[in-house]
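>>> quick one, what's the 3D model for this:
(one chain, ligands or ions: 2)
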Amino acid sequence: MAAPWEDVLRGPAALREAAAAAVDAALLAGVLLRTQGEPNASEVVNYAPFTLLPSAVPSALFEQAYAVQQDFNLLVDAISQNKEFLECTLASTVKVDDFTARLFRIHKQVLEEGLAQSVFLGINRSDYMFDSGVDGTPALKQIEINTIAASFGGLTSRTAAVHGHVLKVLGKSKEASHLLPNNPSKGLALGIAKAWELYGSQSAVVMFLVEEVQRNIFDQRCVEYELWNRNIRVIRRRFRDVFEKGSVDDAKRLYVDGQEVAVVYYREGYVPQSYDQQNWEARLLLERSRAVKCPDIATQLAGTKKVQQELSRPGILEKLLPGHAEAVARIRATFAGLYSLDMGEEGDKIAAMAIADPDRFVLKPQREGGGNNLYGEELKQVLEKIKDSPERTSYILMDKIKPQPAVNYLLRAHSPLQASKCISELGIFGVYVRHGKEMVMNKAAGHLLRTKAIEHADGGVAAGVAVLDTPYLV
Ligand code: ADP
Ligand code: MG
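Ligands and ions are numbered 1, 2, ... in the order given. Down below sits the predicted model:
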């Protein structure tokens, strides 16, 4: 899987020159983050961390990941409409995980009241690693699917140009021309625009529901500008603003600051820390309205780790996607081993298996955003402590994926330039729009490659561990 440019990185001088060119190209292209010190101001910004060089990705696996994305869109949408499946699957989790329980209560409540929403918009990102099998042949294995606030589609729309420039500086113009164009921000915006159009009110706006701390604003702006270019108005508001200035009228139309909202695009709301009592009330207000939520609360629940684990059980995919045998086969081929820790004999055996061989597994709670999973010795200690208590059911167990590392340089502000052994995670963005029962859009909308040093078991770009990358197909 080697990329063809090890030869050009001979001396430290050549490396430093390439890195300086790379950083300036990133700043010029708008691959930006606000700073940790001033996360809510754009006076001082910096480049988002990225690799000096593109990373090699096996083209067959890249194509496989694209080919299965429409299937995953169908699957997520089917789960979100299957009340019984969500209820059964999350029954053990909601008993012990308060956050999932609160989301689930809102889900139940809006179903009981009757859904006001008739247009559904899903934007997800299915993430994979390339597992090196026993004979060294890499296989595509899904890490998870993110059904809410999947980020970096904007910034990554600009990284291929940066890496193309770096390759040219290094005398690799031919290779530069092989980098694939990639524009998730446009794909995501087309989905949002379609949902806005189907909502059917020219004067209504799209509301980006954003965090209190907005370091990653430029990523969101990329999508936002695509909408303005289509003459769709965008506003940015926090849960707090919705609580203070949001309302729903008799026809369940949502208004914020006096403006009718057609689409609510969540870039927030996926961790417990996002919510105090007021923010929960704001979430309920949004879910009750007829505005298109991206995602609606059922689709957010479809992205939980517990659902992911349940999907891997024999017969479940077939039940969720009847008549789609080929899609089911494509989806299943990407699954790693996933195990339930529900109470009972089966769960006891799984817990014992993980304690006996902790390096084979990852222990995952029902959390998003990186940095929550447990590995190795820590996994063992935690499982030993909770193995006989229902608390264990708030976790799932997963086979650990072991990709072949490759050398790269991770460019980060104020960090020394040094070679690191790295592994990559490929994400494919999916977008779909359903109008009543009819799917009117179902697409793969581009990709994201993130790379991190092997010392870090966990964590994404926002967490400061992984960096943006560009695939070089081999
Ligand atoms: P989150 O919702 O926090 O992003 P993930 O399931 O994506 O949760 O896990 C976070 C990170 O942990 C991933 O980006 C990946 O680097 C690592 N990871 C997760 N699952 C596995 C696995 N099965 N094998 C190896 N690494 C994993
Ligand atoms: Mg993840």
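
>>> show the contacting residues for the one residue in the stretch 201-350 of the chain that gets nearest to ligand 1.
Residue nearest to ligand 1 within the stretch 201-350 of the chain: Ala336 (5.6 Å; Cβ to the nearest ligand atom). Glycine gets a C-beta too; all of them are placed from N, C-alpha and C. Contact partners of Ala336, counting by Cβ atoms under 8 Å, 6 or more residues apart in numbering, are 131, 141-142, 398-399, 401.

>>> which residues does stretch 28-43 contact?
26, 44-48, 50, 155, 158-159, 161-162, 213-218, 222, 468.

>>> buried residues, that stretch. List them.
29-34 (16 or more other Cβ atoms under 10 Å).

>>> and Ala356, how many residues sit next to it?
9 (other Cβ atoms under 10 Å).

>>> if we can go back for a sec, measure the residue of the stretch 201-350 of the chain closest to ligand 1 to Ile401 for me?
To Ile401, Ala336 is 6 Å away according to Cβ to Cβ, to the nearest Å.

>>> please enumerate the shared neighbours of the two.
Here Ala336 and Ile401 have 131, 141 as joint contacts, going by Cβ under 8 Å, 6+ apart.

>>> count of residues packed around Asn442?
18.

>>> just to revisit the earlier point, narrow the buried residues of stretch 28-43 to those in strands?
Residues of the buried residues of stretch 28-43 located in strands (DSSP state E): 32-34.

>>> quick one: Ala91 is in a helix?
Yes - applying DSSP: H, G, I helix; E, B strand; the rest coil, one finds Ala91 inside a helix.

>>> pLDDT score for it?
We have a pLDDT of 97 for Ala91.

>>> residues in contact with it?
Ala91 touches nothing, counting by Cβ under 8 Å, 6+ apart.

>>> burial of the residue of the stretch 1-150 of the chain found nearest ligand 1, as a residue count?
Nearest residue of the stretch 1-150 of the chain to ligand 1 (Cβ to the nearest ligand atom) works out as Glu144 at 3.9 Å. Neighbour count for Glu144, taken as other Cβ under 10 Å: 18.

>>> so which strand or helix has it?
Glu144 belongs to strand 138-146 when assigned by DSSP states H and E.

>>> show residues contacting whichever strand or helix holds Lys186.
Following DSSP H and E, one finds Lys186 within helix 184-199. Under the criterion Cβ under 8 Å, 6+ apart, residues 119-123, 153-154, 156-157, 204, 206, 222-223, 226-227, 230, 232, 262-263, 265, 291-292, 294, 429, 431-433, 435, 440-441, 443-448 lie in contact with helix 184-199.

>>> around ligand 1, pick out the residues from the stretch 251-400 of the chain.
Residues of the stretch 251-400 of the chain lying close to ligand 1 by Cβ under 6 Å from any ligand atom are 336, 362, 364, 367-370, 372-373, 398-400.

>>> of the contacts of helix 184-199, grab the buried ones for PyMOL.
Buried residues among the contacts of helix 184-199 (16+ other Cβ under 10 Å), as a PyMOL selection:
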select buried, resi 119+120+121+122+123+153+154+156+157+204+206+222+223+226+227+232+262+263+265+291+292+294+429+431+432+433+441+443+444+445+446+447+448
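
>>> among the contacts of helix 184-199, which lie within helices?
With DSSP state H as the criterion, helices contain 222-223, 226-227 from among the contacts of helix 184-199.
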